[in-house]
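Undergrad: structure for this input, please:
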Amino acid sequence: MRFEAVDDLEAAVETSGIVVTATMATSPLIEAAWVRPGTHLSCMGADMPGKQEIAPAIIAGARLFTDDTANCASNGEIERGLAEGAFGLDHVLGELGDVLAGKVPGRTSAEDVTVFDSAGTALLDIACAKIALDAAARRGLGTVAEL
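TA: Predicted coordinates:
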């Protein structure tokens, strides 16, 4: 997998199979016309009311999943689309745990556009921190502070 900085966001989205957003944007940076069939978008930056990174039309045409649906509806990427009526809460097919547990299918065809809205949950932050701490300990990195 290759990661590189680009100057042309539209061209980057049009040629990407996976798009991860992690910005402070309050209006869409990515338009529906740029997203090709089969693209997956993980929206991480919309974590408080008023923030938005992708056009609601993308979400309306995608298979939509969240980390915590109630939190995303009030603080996530789907907040504005819900308020504007671009789609309803019933458009959320499930939470990530539902997909991982096999309760809800994620992608059902190679053409599916999928969107994951992560408004952030403390449990995920703790799990990520544990993974990072364990990796640092294995490599002898960092400083341990007794509290």
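Undergrad: centre of the chain to the longest helix along the chain, how far?
TA: Ranked by residue count, the top helix of the chain under DSSP state H comes out as helix 122-139. Remark: helix 122-139 is offset 20 Å from the chain centroid, using C-alpha atoms, centre = their mean, to the nearest Å.
Undergrad: which residues of the protein fall in strands?
TA: Ranges of strands in the chain, per DSSP state E, are 18-21, 26-30, 40-43, 52-54, 63-66, 92-95, 114-117.
Undergrad: just send the ones you listed back as JSON lines, with mean pLDDT and mean neighbour count too.
TA: Heads up, the C-betas are built off the backbone N, CA and C, glycines and all. Formatted as JSON lines, these follow (pLDDT from 0 to 100; neighbours: other C-beta atoms under 10 Å):
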{"stretch": "strand 18-21", "mean pLDDT": "93", "mean neighbour count": "16"}
{"stretch": "strand 26-30", "mean pLDDT": "95", "mean neighbour count": "16"}
{"stretch": "strand 40-43", "mean pLDDT": "95", "mean neighbour count": "22"}
{"stretch": "strand 52-54", "mean pLDDT": "95", "mean neighbour count": "24"}
{"stretch": "strand 63-66", "mean pLDDT": "97", "mean neighbour count": "24"}
{"stretch": "strand 92-95", "mean pLDDT": "96", "mean neighbour count": "20"}
{"stretch": "strand 114-117", "mean pLDDT": "96", "mean neighbour count": "24"}
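Undergrad: mind putting the ones you listed in a markdown table, distance to residue 85 included?
TA: Formatted as a markdown table, the strands of the chain follow (distance: least, C-beta to C-beta, whole Å):
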| stretch | distance to residue 85 |
| --- | --- |
| strand 18-21 | 23 |
| strand 26-30 | 16 |
| strand 40-43 | 19 |
| strand 52-54 | 15 |
| strand 63-66 | 15 |
| strand 92-95 | 15 |
| strand 114-117 | 17 |
